[in-house]
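*Asks:* take this sequence and fold it.
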Amino acid sequence: MEPYTIVIPPPNITGSLHMGHALNNILQDILIRLKRMQGYNALWLPGTDHGGIATQNVLEKELLSQGLTREKLGREKFLKRMWEWRSEVGDTILEQLKRLGCSCDWERTRFTMDSVCERAVLEAFVYLYRKGLIYRGEYIVNWCPRCQTALSDIEVEHEEVRGKLWYIKYPLKSSKRGVSFVMVATTRPETMLGDTAVAVNPKDKRYKGLIGREVILPIMDRPIPIVADGFVDSTFGSGAVKVTPAHDPDDFKIAQRYNLPSVKVINEQGRMTEASGKYQGKDRFECRKELVEELREKKYLEKIEDYNYSIGHCYRCQTILEPLVSEQWYLKTGEMAKKAIAASRKKRVRLIPEGWSKPYLNWLEELHDWCISRQIWWGHRIPVWYCQKGCSPVAAVEKPERCPQCGNSKLIQDPDVLDTWFSSALWPFSTFGWPKKEGKVHGKSKNEKVIDDLDYYYPTSVLVTGYEILYLWVARMVMMGLTLMGDIPFSDVYIHGIVRDAKGRKMSKSIGNVIDPLGTMEKYGTDALRFAMACGGVMGRDVQLSEDNFRAGRNFANKIWNASRLVLMNLEGFKLSAGTPTQNTSIKERLTLPDRWILDQYNRAIEEVTIAFEEYDISRAARLLYEFIWSKFCDWYLELAKMRLYGQEPSEREAAQVVLIYVLEGTLKLLHPIMPFITEEIWHLLNSIFPAGREESIMVSSWPLPGSEERDEDAVEKMGLVIDVISQVRNVRSVMRIPHDEMIEVFVKPSNRKQKTLLDEHIHYIESLAKAKEVIADKGIKKPEDCATAVVGDVEIYVPLKGMIDIQREVDRLSKEIEKIEIELERVNKKLKNKEFLKKAPTPIVEKVKRQKEEYKITRDKLLRNLKLIKE
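*Replies:* The predicted model follows:
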């Protein structure tokens, strides 16, 4: 059997199911159920991530509430507590995914720190280290004072803030031609205590004569040089910038180019160091406040301007990060990124939708070496040992008994752990036991060989993920797969958006707009939640949800259930036969126009829904199924079939039963990937009636295939006219407010003999569904007085209204409503033509007014059509 494999994006063990998890896993479950039914050996491998920083933060908060810290406990006891916590709550989210209906192979559940995955992480590190791709170096990093660890660039969340720009005078060591100082602008005055230069652009004529001279660093009173560097933006501030190599990544690069010293004035706790002089021990922001005041008192502060700029925050705790020079472990990504770029350009890895390919490639092309070490305790400890005698470090999967260089037995392991994303990057193959292989038989191989899990399931088929971790995770998996496995980890990456509320806002506890999926399942049912997610999950776009979406899903489930019960309750004396209705000669001869039409529509639905699923357009598949089931099957065919189900003619009844069961069974299969619970329940009801030769579960039944017969265009055209005539009569009843139980007369004027014959043959359908006591179809019909008129192509329909409504009163009512709508339209049009409104009003308000305009136009046009019904 051909495999189809998905590895779950492992949720953190700290997590509880939220709408983002629900969307991501519903989409995966839809795909895996589809492929299982299509005959693939479908595997969806579940698991969880240890979530280094996030998980450690949770336990540290618990310890603080008990008056403890991890330092007081010590590393060994702290990790013991971590594992105990993990065993208690670590699988909570997996149990919640089961409630969601996720059909994973739960026996294969992995954890990024279980023995299998841990071995893979250690093997990968050692391999990459020995290949010279992992190294230790001192560079500037993003440091979180709260989490006490370094973060990689893509773990930084940049937030626009309203800050200040301080202009500070740096006195020249010796004045020249009346110039006594250089004005420097900065957003972080506290870091100036660690300045080792002032930089200007070599093309800036204002400073040409000052390059190479020295200024005196205010407060610290030490001379620092003025250097020329093309990186400096002459338009920023005064055009002269302070250079603080220990606390700014760009300054760090300038310092390397000019061999400038690095002075660290802020420590890992976010407090000022001894190098900051009298500010030692103060919080960085407290220092800023006091330093600015001192600069003002000593006349160094020229001015302060409001200034908006972006500042980095920790993606876990939202603390403002501090750039610090620190010794860390790095992974060289240059060559790895080139391989990933080539795989994408050759379409070996497809990003769906395609629009994500360009930013993905841009990120890979500009990729820097990856800082992979973290200064926490929960995670994979770096497998490097140091000899106390100062020998070269040793990287090994297991602790060496002795130093290979001097034989010393006293070795100390590196205290850092690996970035959580390092182990996640190995997930598509570490979960299958890499680098160890175990032979297993999978299906029937050609030579009946024993095939290893890794060889059989890798590369996986598709990764389903949100765009927010495209760089954090997806790109790194591709790089690691190509480097360690020699092949891509997956061929397709299906990218979905994030879940927002009905107003398009991100869900936030502070806003109070969070929708709880568990509560939603309790209130509306799991299938309703899944259907709402499937409908909203348009490729690459964010999903906007409200209670209405879940209510619609519940109503759809009720519709399916009631329709299925109606069919199953009317099977008395019926015997199920093999094959399609058109393959059974006896039944084929008795098929009516509605039978032929629904079979055609069902075959079209199979093709269109299958294509939509195969193209990852799950939203379109859901909408197609909704339209077919609700409108075509339930509202039309089932209503038409009732006449034969409740009739006295056994042969007609049997034909209707055959078609109903055939279409219902196939439709349940089409719907199953999206709504597994209700389809499984109805399937079991079918099995109780027809137990022989059927799969026990719909989940392992065969995916429907279209019938071999040609499209029945004749039935589509003819049934289309019958449906349109009924719809127009129903519309007249609705617009004219004719009571539901009042029978009406209908006159239909066809334009040719063919139409008349068709209408005459199916007049009973029109009478029944349009609630008409009499329907007359004739080319010679003349329009009666006081009637409503409707048109279907070249067929005219007249519904006499005399005695049922006051026509003039209805005309007056509709005319007044149209007048009111015209006034509202004029009001919004005037607003949208107002340039001041368009300029000053917030974008959401402008968009709301535009939507109002469109809604008013739709209402007006509908009213005009209704008025036309009775005036013509």
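*Asks:* following element in sequence after the helix or strand bottoming out on mean pLDDT in the chain, please.
*Replies:* Every helix and strand in the chain was compared by mean pLDDT, DSSP states H and E; the lowest is strand 439-440, with a mean of 56. Downstream of strand 439-440, the first helix or strand assigned by DSSP states H and E is strand 451-452.
*Asks:* mind giving me the packing neighbours of that next one?
*Replies:* strand 439-440 (3 or more Cβ pairs under 8 Å, 6 or more residues apart in numbering; DSSP states H and E). C-betas here are computed from N, CA, C, even on glycine.
*Asks:* tell me how many other residues crowd the nearest residue in space to residue 744 that is not next to it in sequence.
*Replies:* Distances taken as Cβ to Cβ, 6 or more residues apart in numbering place residue 772 nearest to residue 744, at 5.4 Å, with adjacent residues excluded. The number of residues packed around residue 772, counting by other Cβ atoms under 10 Å, is 19.
*Asks:* start the count at 30, not 1, going forward
*Replies:* Yes, from this point I'll number from 30; that puts the last item at residue 801.
*Asks:* contacting residues for residue 801?
*Replies:* Contacts of residue 801 were listed using Cβ atoms under 8 Å, 6 or more residues apart in numbering, and they are 758, 772-775, 795.
*Asks:* okay, now residue 593: neighbour count?
*Replies:* 22.
*Asks:* actually residue 317, not the one I typed
*Replies:* 19.
*Asks:* from residue 245, how far off is it?
*Replies:* 21 Å (Cβ to Cβ, to the nearest Å).
*Asks:* same thing with residue 776?
*Replies:* Distance of residue 776 to residue 245, given as Cβ to Cβ: 102 Å.
*Asks:* quick one, phi psi at residue 721?
*Replies:* Main-chain dihedrals, residue 721, degrees, to the nearest 10: phi -80, psi 130.
*Asks:* now do it against residue 710, distance only.
*Replies:* 20 Å.
*Asks:* and if you look at residue 724?
*Replies:* Distance, residue 724 to residue 710, by Cβ to Cβ: 15 Å.
*Asks:* just to revisit the earlier point, neighbour count: residue 721 and residue 710, which is higher?
*Replies:* Under the neighbour definition other Cβ under 10 Å, residue 721 and residue 710 were set side by side, and residue 710 has more, 14 against 6.
*Asks:* so which elements touch the longest helix along the chain?
*Replies:* Ranked by residue count and defined by DSSP state H, the top helix of the chain is helix 872-900. Applying 3+ Cβ pairs under 8 Å, 6+ apart, we find helix 872-900 packed against helix 742-764, strand 816-821, helix 836-862.
*Asks:* the inter-axis angle of the next helix or strand after the first one versus helix 742-764?
*Replies:* Translated: helix 742-764. Heading C-terminal from helix 742-764, the first helix or strand you meet, by DSSP H and E, is strand 773-778. Our comparison of strand 773-778 with helix 742-764, counting by axes from the mean of the first three to the mean of the last three Cα atoms, to 10 degrees, yields an angle of 130 degrees.
*Asks:* phi, psi for residue 229 please.
*Replies:* According to degrees, to the nearest 10, residue 229 has phi -130, psi 160.
*Asks:* and residue 250, how close does it get to residue 199?
*Replies:* For residue 250, the distance to residue 199 - Cβ to Cβ - is 12 Å.
*Asks:* so for the two, which sits in the more crowded spot?
*Replies:* residue 199 (22 against 9).
*Asks:* any idea which helix or strand carries the more buried one?
*Replies:* Assigned by DSSP H and E, residue 199 falls in strand 185-205.
*Asks:* run the chain-centre distance for that strand.
*Replies:* Chain-centre distance of strand 185-205: 40 Å, with Cα atoms, centre = their mean, to the nearest Å.
*Asks:* low-confidence ranges in the stretch 330-479 of the chain?
*Replies:* Applying pLDDT under 70 to the stretch 330-479 of the chain picks out residues 466-479.
*Asks:* could you redo the last one with a cut-off of 50?
*Replies:* Counting by pLDDT under 50, the stretch 330-479 of the chain has low-confidence residues at 473-475, 477.
*Asks:* now the chain
*Replies:* 473-475, 477.
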